[in-house]
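> prediction below, plus the sequence it came from.
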2 protein chains.
Amino acid sequence: MRILHHLPLSPQSRFVRLMLAEKKLPFELVVEKTWEQNERFYDLNPAGEVPVLVEDNGIIVPGGRVIAEYLEDAYPEISLMGRSLTDRVEVRRLMDWFERLFQQEVMVNLLGEKVEKRLFGQGHPDGKVLQAGYKNLRFHLDYIGYLAETRTWLGGSVLTAADFIAAAHISALDFLGDIDWRRAPCVRDWYARIKSRPCFRDLLSDRVSGVKPPAHYADLDF
Amino acid sequence: MRILHHLPLSPQSRFVRLMLAEKKLPFELVVEKTWEQNERFYDLNPAGEVPVLVEDNGIIVPGGRVIAEYLEDAYPEISLMGRSLTDRVEVRRLMDWFERLFQQEVMVNLLGEKVEKRLFGQGHPDGKVLQAGYKNLRFHLDYIGYLAETRTWLGGSVLTAADFIAAAHISALDFLGDIDWRRAPCVRDWYARIKSRPCFRDLLSDRVSGVKPPAHYADLDF
């Protein structure tokens, strides 16, 4: 069986779980405690990060965007990267946006301080860093809201990897109770649509030791 | 004429210049002073970063990896992303390695402190940050050396985008005089081979106000 090495709150891992499920590719999850720096895991990915996909035929694919491109190459039947040249540019621009900018400006400050610091034994969250994260999050929610308001899906007229990478990040923050949905009605409408898809079910039943998600996290009618 | 908005020392811009030249696609360079936050440039790329490629037909492509994927989609004749599924995974893994890990662990600490801080009016380089950058660089040079020693090219048996993204980063550091070539003989052999390709010529004649490259920078027999 195809295996995905992951961590429940890693947005890149969530992104790949959504892509696999939407493409109807069965897989088993294996939790990889990256902070334990397991040598065997470095053989799979010298970067020491999740997600890593291991195929039945032995192909090893590390990293969210690398896996997304691989899945499109290997299983093109259900395409999630856009069909035309310009659609593909837009989907990849948004994958880049979330994996670099959103990750650095929001996730490192919020998920990093609240969860990763504890796991890596690096102490308590720093209030100033959290504050910077929330400020950046407001800007990013405005931008996602603008995309959601002016397009059917974030990358254009059809559902693509751009929606899944955005939803992966948003779902991890929502698990932490960090999204003020009243401030972001357009994002909320888009997220309610993607959250109700069958591919999302597995994410909504995630439980993480030491973190209790808010009551609305798994609610499709939040 | 195809236009590439760039900065001379931006490794992502250098990566795209090498890819365009290797694919024999003519282009004109336009310097974009991103620290001036020109509104017209944000219309091309909401992230406000170089590189941005603007095609004759109006297609706008922002970001190093997004442009690399676009060039492979639009101009597949000279392929630089690997042919087999596993080759493509390895090329993309290394693009990811350089654009995220090398960028964050080395470039932000060295190029960021020495050049970008000055351009953005953020003061002088911090010695501790530089020291961390040099320490990380030694680890990364060992890893690139290991790849260069065990393979014909960094991504495998043929020249690919993995070589160009690595060479783009190394060339920017070499411009700053930050590579101790005596410590990295395998990297040096690989870099000498790629540096002598015609696509590299344009990079070696770059001049940047306020930074003088070392004498060996443009020397093919360094």
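Great, that's in hand.
> hey, let's count contacts and neighbours off CA atoms from now on
Will do.
> what's next to the longest helix along chain A, contact-wise?
If you go by DSSP state H, chain A has its longest helix at helix A:127-150. Applying Cα atoms under 8 Å, 6 or more residues apart in numbering or on different chains, the external contacts of helix A:127-150 come out as A:102, A:105-110, A:113, A:153-155, A:184-187, A:190.
> can I have the buried ones of those residues as a ChimeraX selection?
Buried members of the contacts of helix A:127-150 can be picked out in ChimeraX with the line below, counting by 16 or more other Cα atoms under 10 Å in any protein chain shown:
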select /A:102,105,106,107,108,109,110,113,153,154,155,185,186,187,190
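> widest-spaced pair of the contacts of helix A:127-150?
A:113 and A:153 (30.8 Å; Cα to Cα).
> so which bits of stretch A:27-36 are buried?
A:27, A:32, A:33, A:34.
> for chain A, what lies in contact range of chain B?
Counting by Cα under 8 Å from any Cα of the partner chain, the positions of chain A adjacent to chain B are A:47, A:59, A:61-63, A:66-67, A:70, A:73-74, A:85-86, A:88-89, A:92-93, A:96-97, A:100.
> which among those residues count as buried?
Here, 16+ other Cα under 10 Å leaves A:61, A:62, A:63, A:66, A:67, A:70, A:88, A:89, A:92, A:93, A:96, A:97 buried among the residues of chain A next to chain B.
> which of these fall within helices?
Using DSSP H, those in helices are A:66, A:67, A:70, A:88, A:89, A:92, A:93, A:96.
> possible to save the residues you listed as CSV with distance to residue A:195 and pLDDT?
Shown next, in CSV, are these (distance: Cα to Cα, whole Å; pLDDT from 0 to 100):
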residue, distance to residue A:195, pLDDT
A:66, 24, 98
A:67, 22, 98
A:70, 24, 98
A:88, 23, 98
A:89, 25, 98
A:92, 22, 98
A:93, 22, 98
A:96, 22, 97
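> for the residue nearest to residue A:111 when sequence neighbours are not counted, give me its contacts.
Counting by Cα to Cα, 6 or more residues apart in numbering or on different chains, residue A:173 is the residue found nearest to residue A:111 once chain neighbours are left out, at 7.3 Å. Residues near residue A:173 by Cα under 8 Å, 6+ apart: A:110, A:111, A:179.
> quick check: buried residues in the least confident helix or strand in chain A by mean pLDDT?
Here the helix or strand of chain A ranked lowest by mean pLDDT, DSSP states H and E is helix A:117-119, holding a mean of 88. Judged by neighbour count (16+ other Cα under 10 Å), helix A:117-119 contains no buried residues.
> and stretch A:36-52, by the same measure?
Neighbour-count burial for stretch A:36-52 [16+ other Cα under 10 Å]: A:41, A:44, A:45, A:48, A:49, A:50, A:51, A:52.
> got the contact list for residue A:3?
The contact partners of residue A:3, by Cα under 8 Å, 6+ apart, come to A:27, A:28, A:29, A:30, A:53, A:54, A:55.
> mind running it again at 6 Å?
A:27, A:28, A:29, A:53, A:54 (Cα atoms under 6 Å, 6 or more residues apart in numbering or on different chains).
> count of neighbours near residue A:139?
12 (other Cα atoms under 10 Å in any protein chain shown).
> coming back round to it: now the buried residues of stretch A:36-52 in JSON lines, with distance to residue B:197 and pLDDT?
Shown next, in JSON lines, are the buried residues of stretch A:36-52 (distance: Cα to Cα, whole Å; pLDDT from 0 to 100):
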{"residue": "A:41", "distance to residue B:197": "37", "pLDDT": "98"}
{"residue": "A:44", "distance to residue B:197": "33", "pLDDT": "97"}
{"residue": "A:45", "distance to residue B:197": "31", "pLDDT": "98"}
{"residue": "A:48", "distance to residue B:197": "34", "pLDDT": "97"}
{"residue": "A:49", "distance to residue B:197": "34", "pLDDT": "97"}
{"residue": "A:50", "distance to residue B:197": "36", "pLDDT": "98"}
{"residue": "A:51", "distance to residue B:197": "36", "pLDDT": "98"}
{"residue": "A:52", "distance to residue B:197": "35", "pLDDT": "98"}
